[in-house]
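A.B. asks: model the structure of this input:
(one chain, ligands or ions: 1)
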Amino acid sequence: MNYVLETENLTKDFGSFRALDRVSVKLEPGKIYGLIGRNGAGKTTLMRLATGLSFPSEGSISLFGRGGEKALQEERKRIGCMIEYPGIIGNMNAKENLRVRRVLKGIPNEENEDELLKLVGLSKAGKKKAKDFSLGMKQRLGIADALIGSPELLILDEPVNGLDPLGVVEIRRLLIKLCRENHITILISSHNLPELYQTVTDYIIIHEGKVVKTLNQEELDEKCKRHIRIRCAETSRLAAVLEESLHTSNYKVMPDGSAKLYDCLERQEQVVETLYQNGLTVKGFSVEGDSLENYFISVIGGGQNDECFKG
Ligand SMILES: Nc1ncnc2c1ncn2[C@@H]1O[C@H](COP(=O)(O)OP(=O)(O)OP(=O)(O)O)[C@@H](O)[C@H]1O
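C.D. replies: Numbers count the residues shown, from 1 in each chain. Just a heads-up that it's a prediction; the model follows:
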């Protein structure tokens with residue numbers, strides 16, 4: 001497969017400080033990746049390297065299946081980005097801002113600025129100068145800017161940072177639309193985990209410059225979904241008892257022979273009783289599953305400053 005972005009052992013040192021440590025990630029087309037990590041984990045550094053705003057100390061990057069400086073320079077035209085702060089000219093309105101960007105990006109044909117403004121919900125901003133925009137409007141203008149040139153990969157550093165709940169929802173809808181309808185692959189960083197959960201398809205968890213976990217939404221759901229974990233000696237009969245006596249097929253038999261039961265959480269006593277009545281020797285019975293925040297904290301080791309994961 002030609003990955004949209006692939007890094008191999010990507011490393012960035014600032015003097016003796018290693019901000020990014022042998023990061024290898026692969027971004028498949030048509031997905032929305034959430035880059036998660038505490039303050040200073042290396043998210044922006046990774047994004048800056050991918051977009052060519054900074055250069056690696058070691059390791060390699062390839063974009064759309066091509067590596068090497070010359071090819072990267074060409075392929076970067078297929079990326080749109082908003083990193084750190086949206087670069088906005090305060091004395092110009094939204095449309096003028098986009099026009100300047102288009103010219104700076106060397107896109108000669110009259111790109112459809114009106115269409116972009118409509119897409120990000122700024123068509124009514126009219127003559128209002130960007131310096132008078134709300135934070136949400138500025139973020140949306142930043143995204144419109146990143147969309148100039150019809151990029152196939154959109155890289156957004158904390159696009160919902162500082163937005164009110166409605167603004168957050170608007171950006172979420174926009175990103176999902178861009179991915180589903182315009183087939184744009186998206187990499188976003190955010191500390192707002194509940195929000196990411198509703199937006200992204202895949203997660204890349206980064207901690208102290210290292211990628212400590214990559215997983216998709218389904219895998220995360222599986223990890224976080226509350227369930228009863230049942231361990232018993234007669235593995236082969238357990239499934240039959242769950243189906244025939246508890247009338248549920250909402251369970252999964254794990255490789256170690258235990259079962260995860262996603263039903264019956266409100267009637268655990270009845271479950272235990274039924275297992276005993278059917279002659280099963282229960283060796284373990286526990287309720288497992290976690291909140292999203294706790295899962296991420298468990299992956300990165302927890303500790304102080306966990307408030308970077310907003311609830
Ligand atoms: N130009 C630089 N010179 C020195 N150190 C830097 C530089 N840029 C980043 N760093 C350091 O590299 C580490 C990673 O920074 P980075 O901005 O990538 O973190 P982040 O995950 O984006 O954090 P945040 O969530 O706060 O934005 C931090 O410790 C930061 O201080």
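A.B. asks: element containing residue 276, please.
C.D. replies: For residue 276, the enclosing helix or strand under DSSP states H and E is helix 268-277.
A.B. asks: before we move on, what about residue 72?
C.D. replies: Going by DSSP H and E, residue 72 is in helix 69-75.
A.B. asks: circling back: just the CA coordinates for the helix holding residue 276, please, in CSV.
C.D. replies: These are the backbone C-alpha positions of helix 268-277, laid out as CSV (Å, rounded to 0.1, in the frame of the first residue of the first chain):
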residue,chain,number,x,y,z
GLN,A,268,-24.3,-10.0,37.7
GLU,A,269,-25.7,-12.1,40.6
GLN,A,270,-28.0,-13.9,38.1
VAL,A,271,-25.1,-14.5,35.8
VAL,A,272,-23.0,-16.1,38.6
GLU,A,273,-26.0,-18.2,39.8
THR,A,274,-26.7,-19.4,36.3
LEU,A,275,-23.1,-20.4,35.8
TYR,A,276,-23.2,-22.4,39.0
GLN,A,277,-26.6,-24.0,38.3
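A.B. asks: the helix or strand just after it pairs with which strands?
C.D. replies: Downstream of helix 268-277, the first helix or strand assigned by DSSP H and E is strand 282-288. Sheet pairing of strand 282-288 (DSSP bridges) gives strand 227-232 (antiparallel).
A.B. asks: now the partner strand, how far from the centre of its chain.
C.D. replies: Taking Cα atoms, centre = their mean, to the nearest Å, one finds the center of strand 227-232 at 31 Å from the center of the full chain.
A.B. asks: thinking again about what came up before, which element follows the helix holding residue 72 toward the C-terminus?
C.D. replies: By DSSP H and E, the next helix or strand past helix 69-75 is strand 79-82.
A.B. asks: what mean pLDDT does stretch 208-223 get?
C.D. replies: Averaging the model's pLDDT scores along stretch 208-223 yields 90.
A.B. asks: okay, buried residues for the helix holding residue 276 please.
C.D. replies: Within helix 268-277, the residues that count as buried by 16 or more other Cβ atoms under 10 Å are 271, 274, 275. All C-beta spots, glycine's among them, are computed from the backbone N, C-alpha and C.
A.B. asks: with stretch 64-81 instead?
C.D. replies: Here stretch 64-81 shows 64, 72, 75, 76, 79, 80, 81 as buried, counting by 16+ other Cβ under 10 Å.
A.B. asks: before we move on, the earlier item: now the angle from the helix holding residue 276 to strand 227-232?
C.D. replies: For helix 268-277 against strand 227-232, the angle by axes from the mean of the first three to the mean of the last three Cα atoms, to 10 degrees is 20 degrees.
A.B. asks: what packs against helix 268-277?
C.D. replies: Applying 3 or more Cβ pairs under 8 Å, 6 or more residues apart in numbering; DSSP states H and E, one finds that helix 268-277 contacts strand 227-232, helix 235-244, strand 282-288.
A.B. asks: now the element after the last one, going C-ward?
C.D. replies: Towards the C-terminus, the helix or strand next in line after strand 282-288, according to DSSP H and E, is helix 292-300.
A.B. asks: that following helix and the ligand, any residue contact?
C.D. replies: No: using Cβ under 6 Å from any ligand atom, helix 292-300 never reaches the ligand; the gap is at least 11.7 Å.
A.B. asks: just checking, what packs against that helix?
C.D. replies: By 3+ Cβ pairs under 8 Å, 6+ apart, helix 292-300 packs against helix 193-199, strand 202-207, strand 210-216, helix 217-224.
A.B. asks: compare the ones you listed and give me the one nearest the ligand.
C.D. replies: Taking Cβ to the nearest ligand atom, strand 202-207 is the member of the helices and strands packed on helix 292-300 nearest to the ligand, at 6.8 Å.
A.B. asks: still on that earlier bit, just name the most buried of the helices and strands packed on helix 292-300.
C.D. replies: Among the helices and strands packed on helix 292-300, strand 202-207 has the highest mean neighbour count (mean count of other Cβ atoms under 10 Å), at a mean of 21.
A.B. asks: quickly check: that one near the ligand or not.
C.D. replies: No: applying Cβ under 6 Å from any ligand atom, one finds strand 202-207 separated from the ligand by no less than 6.8 Å.
A.B. asks: residue contacts, the residue most central in space within the chain?
C.D. replies: Closest residue to the average C-alpha location of the chain: residue 34 at 1.2 Å, with Cα atoms, centre = their mean. Residues in contact with residue 34, defined by Cβ atoms under 8 Å, 6 or more residues apart in numbering, are 188, 189, 190, 196, 199, 200, 202, 203, 204.
A.B. asks: and it, how far from residue 49?
C.D. replies: Here the criterion is Cβ to Cβ, to the nearest Å. By it, residue 34 lies 18 Å from residue 49.
A.B. asks: residue 138 too?
C.D. replies: Residue 138 sits 25 Å away from residue 49, going by Cβ to Cβ.
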